[in-house]
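>>> Sharing a model prediction with you, sequence too.
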Amino acid sequence: MSILKVARIGTPVLREIADPVPERALGSPEFERLIDDMIETMHEYDGIGLAAPQVHASTRIVVIEVPISEENEEDAEAPLTVLVNPIVTPVGERRVLGWEGCLSLPEMRGQVIRWDQIHLDAQDRHGNAIDADYSGFFARVIQHECDHLDGVLYVDRMEGMRSLCFVPEFDRFVADDEDVPCA
Ligand code: NI
């Protein structure tokens with residue numbers, strides 16, 4: 001496995017529409033290696049999610065893992081999840097404001113409105129169908145990651161830039177006891 005270079009905002013691949021993963025690619029050595037490398041890269045940079053375009057691969061693969069931590073509420077935990085060709089559909093009308101960070105915009109945080117509840121259609125790395133509803137923080141992370149597959153960054157979703165801040169200022173002036181991990 002390898003730690004991959006993370007693309008930062010300004011890199012064109014982050015603004016492309018990523019290609020669907022063809023059925024025949026499932027299980028191939030390249031597919032398996034990319035997923036393993038994405039997981040290792042996410043762990044290396046303490047991310048809770050990573051989309052393939054963030055490691056210069058314009059393909060519709062996402063990895064997510066939200067470890068339990070002292071700062072996290074218990075219901076924010078999410079097991080290691082691999083999504084291939086995910087499709088997100090909002091459920092209901094409720095939207096919630098929350099802080100986000102992104103490995104492609106290092107050292108910054110901003111507030112983003114997301115759907116509180118979503119339906120997810122995807123495949124896992126073995127080709128098994130995922131067909132389920134999610135809510136709360138996990139739903140937020142899924143939306144953030146799936147946006148990357150369409151060339152969208154969280155700053156595009158912000159209703160104005162007034163909450164945008166650097167991490168030291170976030171810790172100092174906003175919430176020094178709140179951990180906002182990157183995705
Ligand atoms: Ni991100």
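Great, that's in hand. Given the structure is predicted, the values throughout are model-derived calculations rather than measurements.

>>> In the protein, spot the helix with the most residues.
helix 29-44 (DSSP state H).

>>> Can you give me the neighbour number for the residue in the chain positioned nearest to the ion?
Using CB to the ion, the closest approach of the chain to the ion is made by residue 102 at 3.2 Å. (C-beta placed from N, C-alpha, C; glycine too.) Neighbour count of residue 102, defined by other CB atoms under 10 Å: 27.

>>> So in terms of bridging, what pairs with it?
residue 105 (DSSP bridges).

>>> Could I get the contacting residues of residue 108?
101-102, 164-167 (CB atoms under 8 Å, 6 or more residues apart in numbering).

>>> quick one: it is in a strand?
Yes: according to DSSP: H, G, I helix; E, B strand; the rest coil, the state of residue 108 is that of a strand.

>>> and stretch 155-175, which residues are buried?
157-158, 165, 170-171 (16 or more other CB atoms under 10 Å).

>>> pLDDT score assigned to the residue nearest to residue 129 when sequence neighbours are not counted?
Take residue 129 and drop its neighbours on the chain: the residue closest to it by CB to CB, 6 or more residues apart in numbering is residue 123, 6.1 Å away. Confidence at residue 123, expressed as pLDDT, is 98.

>>> ditto for residue 26
97.

>>> can you list the buried residues of stretch 155-175 in CSV and add secondary structure?
As requested, these are arranged in CSV below (three-state DSSP):
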residue, secondary structure
157, helix
158, coil
165, strand
170, helix
171, helix
